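[1] Need coordinates for the below:
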Amino acid sequence: TPRPPELLPALRPGSGNSLAVVFSKAMNIPPFRLERFFAEWEFEAPYLLCASDAESMRLQDLLALEPDASDQLADLWLGYTETRGDPELRHEIAGLYDHVKALDVLVFSASEEAIFVCMHALLEPDDAVVVHEPCYQSLRDVASSQGCEVRPWRVRHDRDWRPDLDELRRLLDRRVRLLVVNFPHNPTGHLPDPETFRELVDICRQNGIRLFCDEMYRGFEYDPAGRLPAACDLYEGALSLGGMSKVYGLAGLRLGWIATRDRAALQALETYKDYTTICASAPSELLSRIAIRHRESIAARNRALVRGHLTHLLDFCERHQETFQCVSPMAGPVAFPRFLAEDAETFCRDLAQSEGVLLLPGSVFEEPEHIRFGFGRADFGHGLARLDAYLDAR
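    Just a heads-up that it's a prediction; the model follows:
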């Protein structure tokens with residue numbers, strides 16, 4: 001594909017500009033710091049202690065969940081699929097909610113696409129957006145790149161990552177069109193109590209603003225009794241983001257969705273999606289449909305794995321409390337301890353180079369004094385033991 005002429009000088013050898021910088025200038029959006037860090041290290045380091053997903057499975061193991069699944073896959077027509085998503089898949093996704101029907105679901109080629117489309121389709125330049133931070137960068141910077149004013153609603157370690165609703169109220173005015181939140185939260189693992197969450201929803205309703213709720217870790221609560229209602233079930237103006245990569249550990253399917261009863265918003269998303277992927281992958285839709293039908297067994301396996309690993313992580317932080325100060329997470333496969341030694345990013349890079357153990361520096365979340373651990377993978381214990389020995393040797 002020919003490169004746009006205005007970018008050619010920047011791409012010439014010796015110009016000093018990387019492709020990431022050129023992309024940033026063309027899109028008016030900064031490089032995605034977390035994804036650039038993972039692009040450098042994720043498939044180089046043998047011990048990944050910062051992954052945000054759960055243990056995955058092989059295709060043959062997923063197909064074994066249903067007697068005729070292999071035949072369904074072999075017989076699948078590889079043409080275009082429906083823009084809204086396979087009707088049977090949308091029916092299965094709707095079953096994850098209490099008040100959502102299949103026509104309230106729009107399927108995307110990964111949850112990242114859903115974020116990108118939502119921010120472009122629902123916001124105008126000069127709108128104001130309040131964003132729950134620290135956050136996955138696209139939840140903030142896609143809106144900012146469009147000329148929106150982004151107002152950070154930041155949670156803090158010294159408050160155990162609990163959101164302050166009074167602070168949220170102070171951030172709201174007539175210009176705010178969208179509140180972006182993430183529960184259960186990445187990178188901290190925090191989960192508010194149901195009363196706090198319902199009050200947050202009421203604040204959106206009273207102020208007439210839409211609520212975008214990243215619910216990628218919903219279903220990953222250590223205590224299922226603490227599971228929050230889906231935002232789209234509580235509020236007609238809410239959009240709930242879901243996907244296959246976290247709770248199910250099926251990131252390779254690259255499939256996500258938005259569930260909302262806001263028909264105007266849904267129509268805007270569908271119209272904008274015509275300019276991105278148009279439709280999702282037929283094999284991914286079929287395999288996602290199978291996984292969601294067997295969600296209880298898949299999620300139960302991953303929750304058990306994560307609970308066991310969390311115990312080891314908290315014991316590790318206790319042994320190395322001069323280095324790591326951890327607020328225990330309440331859901332999901334991530335924790336975000338404060339790092340009390342030297343520069344966290346330097347430490348993470350040195351650790352990856354010398355020991356092959358990868359941790360994620362909090363600087364990618366604009367929290368440079370923290371480090372993210374991810375403990376959803378099956379081999380977490382081996383990497384943690386290597387890190388333990390490395391710190392003891394130091």
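
[2] residues contacting the closest residue to residue 319 other than its chain neighbours?
    Excluding the flanking residues, the one nearest residue 319 by Cβ to Cβ, 6 or more residues apart in numbering is residue 388, at 7.5 Å. To be clear about C-beta, it is placed using only N, CA and C from the backbone, and glycine gets the same treatment. Neighbour list for residue 388: 316, 319-320 [criterion: Cβ atoms under 8 Å, 6 or more residues apart in numbering].

[3] Could you give me the buried positions within the helix or strand where residue 388 lies?
    Residue 388 is part of helix 380-393 when elements are defined by DSSP states H and E. Residues 380, 383-384, 386-387 are the ones in helix 380-393 that count as buried (16 or more other Cβ atoms under 10 Å).

[4] phi, psi of residue 167?
    phi -60, psi -40 (degrees, to the nearest 10).

[5] neighbours around it, how many?
    11 (other Cβ atoms under 10 Å).

[6] wait, doesn't it sit right on residue 155?
    No: judged on Cβ atoms under 8 Å, residue 167 makes no contact with residue 155 at a distance of 9.4 Å.

[7] hang on, the earlier thing: how far does the helix holding residue 388 sit from its chain's centre?
    The chain centre lies 27 Å from the centre of helix 380-393; the measure is Cα atoms, centre = their mean, to the nearest Å.

[8] same thing with stretch 349-356?
    25 Å.

[9] Output that stretch as PDB, nothing but the C-alphas.
    Coordinates of each C-alpha in stretch 349-356 appear next as PDB, following Å, rounded to 0.1, in the frame of the first residue of the first chain:
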ATOM      1  CA  ARG A 349      14.300  -3.600  32.000                       C
ATOM      2  CA  ASP A 350      17.300  -4.900  33.900                       C
ATOM      3  CA  LEU A 351      15.300  -7.800  35.300                       C
ATOM      4  CA  ALA A 352      14.100  -8.800  31.800                       C
ATOM      5  CA  GLN A 353      17.600  -8.600  30.300                       C
ATOM      6  CA  SER A 354      19.400 -10.500  33.100                       C
ATOM      7  CA  GLU A 355      16.800 -13.000  34.300                       C
ATOM      8  CA  GLY A 356      14.300 -13.200  31.500                       C
END
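
[10] what comes into contact with that stretch?
    41, 44-47, 357-359, 361, 386-387, 390.

[11] tell me which of the residues you listed is nearest to residue 181?
    residue 361 (23.8 Å; Cβ to Cβ).

[12] Spit out the contact partners of that closest one.
    37, 344-345, 347-349, 368, 371.

[13] Can you list which of the residues you listed are found in helices?
    In this view, these that belong to helices under DSSP state H are 37, 344-345, 347-349.

[14] Could you point out which of those residues is nearest to residue 171?
    Distances from residue 171 to the ones in helices among the contacts of residue 361, taken by Cβ to Cβ, are shortest for residue 344, at 28.1 Å.

[15] Skipping adjacent residues, who's closest to residue 345 in space?
    residue 361 (4.0 Å).

[16] Ramachandran angles for that neighbour?
    According to degrees, to the nearest 10, residue 361 has phi -70, psi 140.

[17] Over to residue 260?
    Torsion angles, degrees, to the nearest 10, at residue 260: phi -160, psi 150.

[18] hey, which helix is longest across the chain?
    The chain, longest helix under DSSP H: helix 295-319.

[19] buried residues in it?
    In helix 295-319, counting by 16+ other Cβ under 10 Å, buried: 298-299, 302-303, 305-306, 309-310, 313-314, 316-317.

[20] again with stretch 203-214
    203-204, 209-214.

[21] Could you do stretch 188-197 as well?
    So stretch 188-197, judged by 16+ other Cβ under 10 Å, has buried residues 188-192, 197.

[22] What ranges does the stretch 201-350 of the chain have for its strands?
    210-214, 238-243, 256-260, 324-325, 334-335, 338-339 (DSSP state E, counting those that start in this stretch).

[23] Could you list the low-pLDDT ranges of the protein?
    Confidence mapping of the chain against pLDDT under 70 gives the ranges 1-27.
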